[in-house]
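Asker: coordinates for the following, if possible.
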Amino acid sequence: MSIFKKAAAFLTAVGIACSCAACGYNTINALSVDGVDVPAGVYIYYVNSEYNNALSELQKENKELDTTDQEAVKALTLDGKDITTWVQDKATEDCAKYVMIEKKFDELGLELDEEKKSNISMMKEYYWNNSKETFEKNGISEASFDKIVTSSYKSDEIFAYYYGVDGENGVTEDELYDFYKEDNIRCEYLTVSLKDGEGNLLKSDGKAEVMDMVKDYQHSLETALKSGGIDAVKSEMDAIRQDYQIYTESLTASAEDTETEEETDEETTEETTEETTTDADAADSAADEDDTTEAEDSAADEDDTTEAETEEGEVTAETFNEAAPSATTEAETETVGDEDDTTEAETKEDSEDEAETEEETDEESETEEASDEDESTVDADLLTAGDEESAGDEEPADPYANESIISVIHEEDYDDPEDISYNPSEKVYKKLLEIDEKDYGKPYIVEEDENYYLVIRYDIEDRMTEDDLWGEDGIQSALHTKYSKTFEDELKGWADALNIQRNAAAYKRYDPFKLDFS
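Answerer: Residues are numbered from 1 along each chain as shown. You can find the predicted model right below:
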């Protein structure tokens, strides 16, 4: 190959390499917002988030949609746009908000305190360690993920600046207090199932029996309200819950007993069939055994006769020894007597020594017993003290464990009524909503197809104290509930005013259907 051809080949290779490098370099940033470059990793994160939102919206329209079938998803539209365009537009809006948060945070001179920085670090570490491989596979670096997490905390600081208590927009705690009181329902309810222990829906007679039980519950609560007020109602409701639990357990036990009896009947039928089959064989076997037994009995009679004759004529060695006179003579008896005389003195001395030893032993025993009593007393005292400490460490039972705080639903905040979620059901929610203050504590029955509900509404102000619902968390919750949508609309307005320049190469490279976050 000539030197010219070699040089041409080299230049071609360099050109290709430079072209590829330029392609990669050109997609490092996905877009520019008001002159601020947005890293591709940040854009990719929002693309994935909006793609998932798109799938959720599509499933609302078609619950049978297979969202894993990308070709089927590509063929659909949202808001008059194909899915790729819809996702990219939404991700672009997210990136514009991201830049606006950065700008506004600096403009207001805000800072993150050490606690928030620590929270950011822990949050980032947790999610990054659990998703590092997936993030990096799709082009999201740790630095980009750090920017996303930090942005959410900066957004909270901007929100607090404008809408916090005594903030820029003049929100007061009294205003929030009234809002929280009107926007939340304090209640308690008991769900009574209309199914048997096997999960089958009850017939009319069964439902009537359950209704009688619920009406008895209602009557007992009404009586408690008249005699002892709200406290008596709550105590009675606790007793009703226990009673209903016993009732449901009996249904389950009854269903299990019925199942066991059916299994036993099947086993008995099988055993009876087997016994009938073997009766004839057993009879034949018994007859054969009778013949054998007769022969054995005859032989046994002959053995008994022989043994009797032997016993009458036999003199054993034991019989002979017992009848013979003793070989011990009078001389031995005299010797024993001399020995007794000799040991009398020794025995007397031993007795005196033993007496002294017993006295010493008694004294030691008394000392040990006294010591044991002292130790027992100390141990008992320590044990009692320990029990008292343990009892003191136990947390008291939560008096509101069975209560619920249900947020009032503002239908105007929902574009689609199907997005509204009722707790525990729409019928129960609407019943609670219509209960007036004068009827707080009064029990009501709500009937549905598969359940009856016994519901009570209480005065929420009784719990709006610093140690309960109206602490710092309650105040922050009220702030976000009341103003978060207003803030989001405001943030979007700021972001829409920014100048956006998309990087076409990056948008093509990071097509939502090319990413894989599975």
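
Asker: from here on, contacts and neighbour counts on C-alpha atoms
Answerer: Fine.

Asker: if I look at the residue lying closest to residue 164 once chain neighbours are set aside, how far off is residue 163?
Answerer: Leaving out its chain neighbours, the residue that sits closest to residue 164 by Cα to Cα, 6 or more residues apart in numbering is residue 171, at 6.5 Å. Noted for residue 171: a distance of 6 Å to residue 163, by Cα to Cα, to the nearest Å.

Asker: okay, these two: which has more neighbours?
Answerer: When residue 171 and residue 163 are compared for neighbours, residue 163 comes out ahead with 22 against 15, by other Cα atoms under 10 Å.

Asker: residue 482 is in contact with that one, correct?
Answerer: No - the criterion here is Cα atoms under 8 Å, and residue 163 misses it with residue 482 at 9.5 Å.

Asker: joint contacts of those two?
Answerer: Common contacts of residue 163 and residue 482 (Cα atoms under 8 Å, 6 or more residues apart in numbering): none found.

Asker: and stretch 470-482, what's its mean pLDDT?
Answerer: Mean per-residue pLDDT for stretch 470-482: 95.

Asker: restrict that stretch to CA atoms and write it as CSV.
Answerer: What follows is stretch 470-482, C-alpha atoms only, in CSV (Å, rounded to 0.1, in the frame of the first residue of the first chain):
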residue,chain,number,x,y,z
TRP,A,470,-51.7,20.1,65.6
GLY,A,471,-48.0,19.6,66.1
GLU,A,472,-45.4,20.6,63.5
ASP,A,473,-46.3,17.8,61.2
GLY,A,474,-49.9,18.7,61.3
ILE,A,475,-49.2,22.3,60.4
GLN,A,476,-46.9,21.3,57.5
SER,A,477,-49.5,18.9,56.3
ALA,A,478,-52.1,21.7,56.3
LEU,A,479,-49.8,24.0,54.5
HIS,A,480,-49.1,21.6,51.6
THR,A,481,-52.7,20.5,51.3
LYS,A,482,-53.9,24.1,51.0
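
Asker: which parts of it are buried?
Answerer: Within stretch 470-482, the residues scored as buried using 16 or more other Cα atoms under 10 Å are 470, 474, 475, 476, 478, 479, 480, 482.

Asker: residues in contact with it?
Answerer: 163, 164, 173, 176, 177, 179, 180, 463, 464, 465, 466.

Asker: pLDDT wise, what is the residue nearest to the third one when sequence neighbours are not counted at?
Answerer: Counting by Cα to Cα, 6+ apart, the nearest residue to residue 173 once its immediate chain neighbours are dropped is residue 165, at 6.1 Å. As summarised for this prediction, residue 165 has a pLDDT of 95.

Asker: pretty sure residue 165 contacts residue 175?
Answerer: No - counting by Cα under 8 Å, residue 165 does not reach residue 175; the two are 9.5 Å apart.

Asker: for these two, indicate the residue with more neighbours.
Answerer: Shown here are residue 165 and residue 175; by other Cα under 10 Å, residue 165 has more neighbours (19 against 11).

Asker: so who does that one touch?
Answerer: 171, 172, 173.

Asker: report the beta-bridge partners for it.
Answerer: residue 171 (DSSP bridges).

Asker: all strands of this structure, in order?
Answerer: Using DSSP state E, the strands of the chain run over 29-33, 36-39, 77-78, 81-82, 184-193, 403-407, 444-447, 451-458, 500-502.

Asker: the first one pairs with which strands, parallel or anti?
Answerer: Which is strand 29-33. When pairing is defined by DSSP bridges, strand 29-33 lines up against strand 36-39 (antiparallel), strand 500-502 (antiparallel).

Asker: mind listing residues that contact the shortest one?
Answerer: This means strand 500-502. Residues from elsewhere that reach strand 500-502, judged by Cα under 8 Å, 6+ apart: 30, 31, 32, 33, 34, 96.

Asker: and the first one, what pLDDT?
Answerer: pLDDT recorded at residue 30 is 97.

Asker: pick out the most distant pair among the contacts of stretch 470-482.
Answerer: Greatest spacing in the contacts of stretch 470-482, by Cα to Cα: 163 and 463 (24.6 Å).

Asker: quick one on the thing from earlier: drop anything exposed from the contacts of strand 500-502.
Answerer: 30, 31, 32, 33, 96.

Asker: quick check: the third one vs residue 39, distance?
Answerer: The gap separating residue 32 from residue 39 is 9 Å, by Cα to Cα.

Asker: can you map out the helices along the stretch 1-150 of the chain?
Answerer: Using DSSP state H, counting those that start in this stretch, the helices of the stretch 1-150 of the chain run over 3-26, 40-61, 70-74, 83-107, 114-137, 142-163.

Asker: please export the C-alpha coordinates of the last one as CSV.
Answerer: What follows is the C-alpha trace of helix 142-163 in CSV, where atoms were taken according to Å, rounded to 0.1, in the frame of the first residue of the first chain:
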residue,chain,number,x,y,z
GLU,A,142,-24.5,9.7,40.3
ALA,A,143,-23.9,13.5,39.9
SER,A,144,-27.2,13.8,37.9
PHE,A,145,-29.1,11.9,40.5
ASP,A,146,-27.7,14.1,43.2
LYS,A,147,-29.0,17.2,41.4
ILE,A,148,-32.5,15.7,41.2
VAL,A,149,-32.6,14.9,44.9
THR,A,150,-31.2,18.2,45.9
SER,A,151,-33.7,20.0,43.7
SER,A,152,-36.7,18.6,45.6
TYR,A,153,-35.3,20.0,48.9
LYS,A,154,-34.7,23.3,47.3
SER,A,155,-38.3,23.4,46.0
ASP,A,156,-39.5,22.8,49.6
GLU,A,157,-37.5,25.8,50.8
ILE,A,158,-39.0,28.0,48.1
PHE,A,159,-42.5,26.8,49.0
ALA,A,160,-41.8,27.6,52.7
TYR,A,161,-40.5,31.0,51.8
TYR,A,162,-43.8,32.0,50.1
TYR,A,163,-46.4,29.9,51.9
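
Asker: give me the below-cutoff pLDDT ranges for this protein.
Answerer: Along the chain, the model assigns pLDDT under 70 to residues 1-25, 257-395.
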